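In: Here's a sequence, model it:
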Amino acid sequence: MFLRLSLLFFLTLADALQSTSTESYRRLSSTAVTRWQRGARAADDTPLRVHIAVAQSNISQAGSALLAISDPDSPYYGRHWTPSEVVRAFAPAAKDIASVMKWLANSGIPSKRVSRSHGADQLRFDSTVGELSRILNTTYYHYTDVNNQGPQVACEAYHLPPSVASLIDYVTPTLPHVSGRLPGQRRTRARVDTPYVRRTRDVTSSLAAVDCRKYTAPSCLREIYGIPAETPAPHPNNSFGVFQLAWVTWRPEDLDAFFKLFQPELVGRRPLVERIDGGYLQYDYNVTAFNLEADLDFEYAMALSGSQPIVNLQVGDKFRLGNINNMLAAFDKYYCGALDPSMDPMFPDPLPGGYNKSTDCGTVAPPNVISISYSYNENDFPPEYLRRQCNEFLKLGLMGVTVVVSSGDTGTKTSPIPGTCIDPASGSPNATDSDRFSPQWPAACPWVTAVGGTQLTTQTTNTSSPPPAAAPSTGVHETAFRVASGDSFLSSSGGFSNVFSTPAYQLGAVTKYKHRERHHLATLAGRFNGRGRGYPDVAALASTYLAVVDDKLTTVYGTSASTPVFASIISMINNERLHAGKRRVGFVNPTLYAHANVLKDVASGANEGCGASEAFRASAGWDAVTGLGSPDYERMRRLFMSLP
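Out: Purely as a prediction, here's the structure:
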């Protein structure tokens, strides 16, 4: 009954608040455009595949709907929506689609040339530069980016008539975009939180005894965070998935060597592989770049989660890397039409006259918890693209899915190399590395749980010797993650989105932080968006993880490690709730911000980047480097078990 009433309420409210905007001119607002160099004007007969994203209905009310079922004090807590109810709530209105189709027909594009996606919110047709330039009143040029990617045909602004301006989210091709590439090729939109390796040694010992004051292993995480070694049998309705890109592959030999050292009962256990758009796993090359991320994620997710099966969400084929949008489309066939071939790989290329029927669309049920140890540069995407993807995370939350993502390891910039801060004048990446801070994606989306990094005060960067005998970590405290990397430092990424505003559930915590740190933040004035969504939300150890990669015991650093740890804790709590006849926890941020005492505050250290050796500082309460703090399993378990 609640679901029907809530849908009716939000639909009615949205109708009452529907925008009457008369916007007709759109200067493309993504600062990524400035990293491209404009060349010659494109010839009128150049073919283009056009995509028009029709605005979803009621989407402005979706956040309120999610908070209504995620607020621990709400009478509707935990009453998640079904996929069909999500579709009904947010599908574009038939009258809006008809209005856009009428505009296209009046512009010389008859309906027989236009195809629709599954959910009808994406209209596609084949055109030419000359025709589309006339329809959008713009000029198309050839563009090449600063890394010589391209050329691409694009424009920098376009016009829409008032009759449809409020009904269309975006039109492509417009802004030039980076695209996915295979490992080993130069990528301008690369993963930026790749785990950092300090040393390796051959795996020859039996069950390892670890000094938890210096190194991180499953036993250390259990000791420090109170994670139980014995867990209930997996509930049949519980599930936990880990996102990976094609080519990034765990090695069975590495898993077994790790489990032999730290979790002997798991020797022989493997992740369950869910192949999306090919789901390519490679075993021909034992290369750290291919094996490190997956080995690390699954070694710790499996070790901490006990007998809970872990699903490997493997996205992409041998020739094209997948991305997060491909995974989201596999969960939701109605999102398939929102895939943009200028940014999202298609498998294979889109078919003439319609959406790509070969791409996995709604073929995969999303796990209860999804861990994503990848992050990208928010500045590399148009805001319209980010909002569409962020809304898809919101929809997962409405269905009771917890999405846990890495905050990144490069402080206030989005790569350890220079040129990934933002020039305040042009909006482009700034080679001087000393301007506006550059937020991480998808951590900057307010509907995910972003995990930052910490380290123990006893953990140093000196990892040249093998782990000494075991010793307790009692009395040792956590501080913000920061480790030397060549001539610079890696540190827990955190800050504020330039696209999304501060969500209601964290407004109080962020306001208090800005007041506490007002004198220091004044020294950073103009370098971040003080009204943006703050991240990370929480943190966990990100230092000196012992992992087996390519047959060697490796010391690894980064929030790629802390993310599956926090996700494992949520999955274990879900399991207990399901055994008790309760629902999954779903979107956890409102509960955690309302009960921050279930986390261990981290109040020392700072991140750095973009010329600031001390950017955002850890402090009492939420901060923009360690969030609300690190987990206390028993406190979190008691809280969530007390909820309906």
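In: Which of the residues in the strand or helix carrying Asp254 are classified as buried?
Out: Using DSSP states H and E, Asp254 sits in helix 252-262. Buried residues in helix 252-262, counted by 16 or more other C-beta atoms under 10 Å: Asp254, Leu255, Asp256, Ala257, Phe258, Phe259, Lys260, Leu261, Phe262. Any C-beta I mention is one placed from the backbone N, CA and C, and that applies to glycine too.
In: Now do the contacts for the residue lying closest to Gly226 once chain neighbours are set aside.
Out: Ranked by C-beta to C-beta, 6 or more residues apart in numbering and with sequence neighbours excluded, the top spatial neighbour of Gly226 is Tyr633, at 4.3 Å. Contact analysis of Tyr633 by C-beta atoms under 8 Å, 6 or more residues apart in numbering lists Tyr225, Gly226, Ile227, Pro228, Ile569, Met572.
In: Could you do Met572 as well?
Out: Met572 touches Ile227, Pro228, Thr231, Leu304, Ser305, Gly306, Gln308, Tyr633, counting by C-beta under 8 Å, 6+ apart.
In: Closest one of the residues you listed to Ala596?
Out: Closest approach to Ala596 among those (C-beta to C-beta): Tyr633, at 15.5 Å.
In: any idea how far the closest one lies from Phe90?
Out: Look at Tyr633 and Phe90: by C-beta to C-beta, to the nearest Å, they are 35 Å apart.
In: for Leu167, same thing?
Out: For Leu167, the distance to Phe90 - C-beta to C-beta - is 14 Å.
In: Would you check how far apart the nearest residue to Ser604 once chain neighbours are set aside and Ser560 are?
Out: The shortest distance from Ser604 to any non-neighbouring residue, by C-beta to C-beta, 6+ apart, is to Thr479 (4.5 Å). Using C-beta to C-beta, Thr479 is found at 19 Å from Ser560.
In: between these two, which one's more packed in?
Out: Using other C-beta atoms under 10 Å, the more surrounded residue of Thr479 and Ser560 is Ser560, with 30 against 20.
In: Could you find the closest non-adjacent residue to that one?
Out: Here the residue nearest Ser560, using C-beta to C-beta, 6+ apart, is Ser373, at 4.0 Å.
In: Was I right to think the one you found contacts Asp297?
Out: Yes. Ser373 is within contact range of Asp297, at 5.7 Å (criterion: C-beta atoms under 8 Å).
In: what's the distance between Ser407 and Ser492?
Out: For Ser407, the distance to Ser492 - C-beta to C-beta - is 6 Å.
In: And Phe331, by the same measure?
Out: Separation of Phe331 from Ser492 (C-beta to C-beta) stands at 29 Å.
In: which stretches of this protein aren't confidently modelled?
Out: Along the chain, segments meeting pLDDT under 70 span 1-36, 118-120, 145-150, 176-208, 348-358, 417-419, 429-433, 460-476.
In: Next, the residue nearest to Asp317 when sequence neighbours are not counted: secondary structure please.
Out: Spatial nearest neighbour of Asp317, excluding adjacent residues (C-beta to C-beta, 6+ apart): Gly278 at 2.9 Å. Recorded secondary structure, Gly278: coil (DSSP: H, G, I helix; E, B strand; the rest coil).
In: Which stretches in the stretch 501-644 of the chain count as helices?
Out: Assigned by DSSP state H, counting those that start in this stretch, the stretch 501-644 of the chain shows helices spanning 504-516, 518-522, 559-579, 589-594, 633-642.
In: follow-up on the earlier one: narrow the contacts of Tyr633 to just the buried residues.
Out: Using 16+ other C-beta under 10 Å, the buried members of these are Tyr225, Gly226, Ile227, Ile569, Met572.
In: which one of these is nearest Thr523?
Out: Of the buried ones among the contacts of Tyr633, the one sitting nearest to Thr523 (C-beta to C-beta) turns out to be Tyr225, at 34.0 Å.
In: Ramachandran coordinates for the closest one?
Out: Phi and psi for Tyr225, reported as degrees, to the nearest 10, are phi -100, psi 0.
In: What's opposite Ile52 in the beta bridge?
Out: Leu123, Val171 (DSSP bridges).
In: Quick one: residues contacting it.
Out: Val100, Leu104, Gln122, Leu123, Arg124, Ile168, Tyr170, Val171.
In: Can you give the domain ranges for the chain?
Out: As given by automatic domain parsing, the domain ranges for the chain are 2-172, 196-239+366-642.
In: of all these, which lies closest to Leu339?
Out: Across those, the minimum distance to Leu339, taken as C-beta to C-beta, is reached by domain 2-172, at 8.1 Å.
In: Relative to Phe347, how far out is Ala540?
Out: Relative to Phe347, and taking C-beta to C-beta, Ala540 is found at 34 Å.
In: Over to Val171?
Out: Here the criterion is C-beta to C-beta. By it, Val171 lies 24 Å from Phe347.
In: swap in Gln455?
Out: 40 Å.
In: Show me which of those two is the more surrounded one.
Out: Just comparing Gln455 and Phe347: by other C-beta under 10 Å the higher neighbour count belongs to Gln455, 23 against 20.
In: If we ignore the residues flanking it in sequence, what's nearest that one?
Out: Closest residue to Gln455 apart from its sequence neighbours, by C-beta to C-beta, 6+ apart: Ser543 at 3.4 Å.
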